[in-house]
Structure formats: structure tokens, C-alpha cells
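In: here is a sequence together with a model predicted from it:
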Amino acid sequence: MEKTKCLIIGSGPAGYTAAIYTGRANIPTLLYEGLQPGGQLTTTTEVENFPGYPEGVDGTQMMDDLRRQALRFGCEIRSGMAVQADLSAAPYHVTIEDGTVIEADTIIIATGATAKYLGLEDEKKYAGMGVSACATCDGFFYRRKTVAVVGGGDTACEEATYLAGLAAKVYLVVRKNYLRASEIMQKRVFDNPKIEVLFEHNVEGLFGTDGVEGAHLVKRLGQPDETHYDLAIDGLFLAIGHRPNSDIFRPYVQTDETGYILTEAGTPRTGIPGVFAAGDVCDPHYRQAIIAAGSGAKAGLEVDRYLSAKGLK
Ligand code: NDP
């Protein structure tokens, strides 16, 4: 068993920013990177909305910068997934996939959320080349182009409406014959002349030479009048929900019904002393790198205050 004052789980903007704060507060910090080192931003191309990069920055480059900044202040960064947690009493214990058990006085859960995909091979083939799960991140690249958004919930309606402000045409591909989104969001979609809702449609695949040029669609799947056809689009946005990566903590921390960790309003406190949550794992609403970084900073500050108050620093 290894001991640390602060264990950070996750290597997105929340995790690394937390590590910068704990490192600068002279707190020995160990960070596990998780399944996707660098987090969701490494799956996007250019980040243009993170303050401080007037020309934009490559998502992977930005995460590498954050990583190096955390290292500069002494954080020990390891690859590996946390697979089990015991938060029943301090100090807390977390087991890593290689069997290592970490005993920590404080923990920052910054494990993020994972966008759901349809599971098509073509989603992987065209990742970063016309397939995105974040309109705010990538919508700008589709100005005056034609895009499709998949989903019928609030996220899909919000993303379609956002994209309609940039693109020439937006198709909303909905598998049922109704939208699940709230009425106000539905109204925004139906009132927008640039958005066309394709009810009872599913995406079966994508095509294109150097990027997405269109989607293979099926209408009324499984019905006698099932129809297959191709739709010309420049980009496909998935908006079929996110899954917060909170599974191993759920026996201990409070979550909403989807699994987002509930924190005390405006703070990263989970209700378990010394255990904090930051970033997308506790944010169903904004899901932005700058917000995650901000909440990581809060978590780092909370760790410092907690350890000082307990005389553990
Ligand atoms: P939801 O789970 O509400 O909706 C997911 C949508 O994706 C549904 O229409 C679902 O279809 C569809 N879907 C799921 N899997 C597939 C699939 N394999 N193929 C095709 N379609 C699929 O997720 P959201 O992200 O939209 O919302 C999550 C939560 O966040 C909700 O509580 C929502 O209200 C909230 N939210 C609120 C916002 C706001 O108020 N501004 C903005 C964004 C989210 P089906 O209906 O057939 O199951």
C-alpha cells in the first residue's frame, strides 16, 4: 500500500488544474490518468474557446501543456485506471487496475463523463473528420455547411439550435416519432427555419473520402415501409447523452439518477470530508473545459484548507 496526501483521479482540465493548485500549495499529489489520458479534449481537434489561446490550440496540445504545468509543481502522474474505492472512513483507499492500493488523506474525483456514441464503425473512422459529440467545441468549423444532429433530448435540441446559428442547414435525426426534450427546447427547434427534424430515422453509416460527405439513413426501421437513403452532410453531431464516470464512487457519494456526483452548491464538496469532485463527473449542465478547470482549482483549494484544518499538511 502506498500513501499520499492527495490523490487525483482523472487527467482532464479538472484533474490537472487541481494538481497545479495542490502542487503549488506544497501538497504531495499523485494523479492517475485513467482510461483516456488528457480526457475528452484529446478527441476534439481545435479548442478555440479556452481563454488565453487567441489563435486556438490543438486539444491534445492543450492537455499536454496542462500536464507539464502539473508536473512542474511536483505532481506525480501515473497511467492507470482506478477500479475500486473505499470511502467509508478517512484515510481513504483506492485500488488501481494493476492492483496497487493508494491510501489518501484527500481525494479529488475528476473522472469526467463519456459522450455516448451510436456504436458505428464509421464514427471511429471519421473521428475528428466530421464526427463530433460537442457542438460548442466543433460547431464553428461548420459555418455555412450542412450538419446532422442525432438525438431527441434537450442536448440534441440545444445543439441543433446552437448549430443553426452557424450552419446553413441542420437536420435533427430522431429515432422515435416525437422529441423527448422539454417543450421550450422543442419550440426553439420547430420555430427555427434552418432545422429540419427527421423523425423515425436512424443513422446506419457515413461516407466520404477525406471526411464526412454524407450519412446512410434508415427511415422507419423494422416497419413494412422501411426506407434506406443517403443524406449529404458535412458533419455529424452525436447528442444521445453522456455517462458520468462515477461508478466506483456511487456507493459512497450522492449522485443524480444519471450518476452525476452531487456537490454542495457552488463547491466541489461531496459530503465526505476530504473527498471532492470536479469537472464533468459532477456537471451535467455546462461540460466545458474552462468550467472543469475552474472547478479543479476549487477542489485544489479545498484540499489545502482541509489538510491544514486537520493538521495533516
Ligand atoms: P437524454 O437521455 O434526455 O436524451 C437522449 C436522446 O438521445 C433521446 O432522444 C434518445 O432517444 C436518443 N438516443 C439515445 N440513444 C440513441 C441511439 N442509440 N440512437 C438514436 N437516438 C438515441 O439525454 P440529454 O443529453 O439530451 O439530456 C440529459 C439530461 O440533461 C436531461 O435531463 C436533460 O433534460 C438535461 N439537459 C438540460 C438542458 C437544458 O435544460 N438546457 C440541456 C441539455 C441537457 P429516445 O427518446 O428514443 O430514448
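Out: Alright, I've got the coordinates.

In: name the residues of the stretch 201-313 of the chain found near the ligand, please.
Out: Contact residues, the stretch 201-313 of the chain versus the ligand (C-beta under 6 Å from any ligand atom): 240-241, 284. Every residue, glycine included, has its C-beta placed from N, CA and C.

In: can you give me the buried ones in stretch 79-91?
Out: Neighbour-count burial for stretch 79-91 flags 81-82, 85, 87, 90-91 (criterion: 16 or more other C-beta atoms under 10 Å).

In: could you check how far K310 is from the ligand?
Out: Distance from K310 to the ligand, counting by C-beta to the nearest ligand atom, to the nearest Å: 36 Å.

In: neighbouring strands for the lowest-mean-pLDDT helix or strand in the chain, and are they parallel or not?
Out: Between all helices and strands in the chain, the lowest mean by mean pLDDT, DSSP states H and E belongs to strand 46-47, at a mean of 82. With DSSP bridges as the test, strand 46-47 is paired with strand 57-58 (antiparallel).

In: quick one: contacts of the strand it pairs with?
Out: Under the contact criterion C-beta atoms under 8 Å, 6 or more residues apart in numbering, strand 57-58 has outside partners 45-47, 50, 65.

In: for the stretch 201-313 of the chain, just list every one of the strands.
Out: 201-207, 214-219, 227-232, 235-238, 242-244, 275-277 (DSSP state E, counting those that start in this stretch).

In: tell me who's in contact with D256.
Out: Going by C-beta under 8 Å, 6+ apart, D256 touches 262, 284.

In: and the one 4 residues further on, by the same measure?
Out: By C-beta under 8 Å, 6+ apart, the contact set of Y260 is 113, 244, 246, 281-284.

In: try it again with 6 Å
Out: 244, 282, 284 (C-beta atoms under 6 Å, 6 or more residues apart in numbering).

In: ok and the residue in the stretch 1-150 of the chain nearest the ligand?
Out: L118 (5.2 Å; C-beta to the nearest ligand atom).

In: now the closest residue to that residue other than its chain neighbours: how far from A148?
Out: For L118, ignoring the flanking residues on the chain, the nearest one in space by C-beta to C-beta, 6 or more residues apart in numbering is V203 at 6.3 Å. Plainly put, V203 is 7 Å away from A148 if you go by C-beta to C-beta, to the nearest Å.

In: looking at those two, which one has more neighbours?
Out: Using other C-beta atoms under 10 Å as the criterion, V203 and A148 rank with A148 on top: 29 against 22.

In: helix, strand or coil: sort out that one for me.
Out: strand (DSSP: H, G, I helix; E, B strand; the rest coil).

In: residues touching the one residue sitting closest to the centre of the chain, list them.
Out: The chain has A113 as the residue nearest its centroid, 4.2 Å off, counting by C-alpha atoms, centre = their mean. Contact analysis of A113 by C-beta under 6 Å, 6+ apart lists 242, 244, 280.

In: do that again at 10 Å, thanks
Out: Applying C-beta atoms under 10 Å, 6 or more residues apart in numbering to A113 gives the contacts 12, 39-40, 241-246, 258-260, 279-284, 287, 292.

In: ok, of the residues you listed, which come out buried?
Out: For the contacts of A113, a burial check counting by 16+ other C-beta under 10 Å picks out 12, 39-40, 241-242, 244-246, 259-260, 279-284, 287, 292.

In: where does the residue nearest to R72 when sequence neighbours are not counted land on pLDDT?
Out: With C-beta to C-beta, 6+ apart as the criterion, R72 has its nearest non-adjacent residue at 7.7 Å, and that residue is G23. Here, the pLDDT recorded for G23 equals 98.

In: give me the distance between G23 and G211.
Out: Where G211 is concerned, G23 sits at a distance of 40 Å (C-beta to C-beta).
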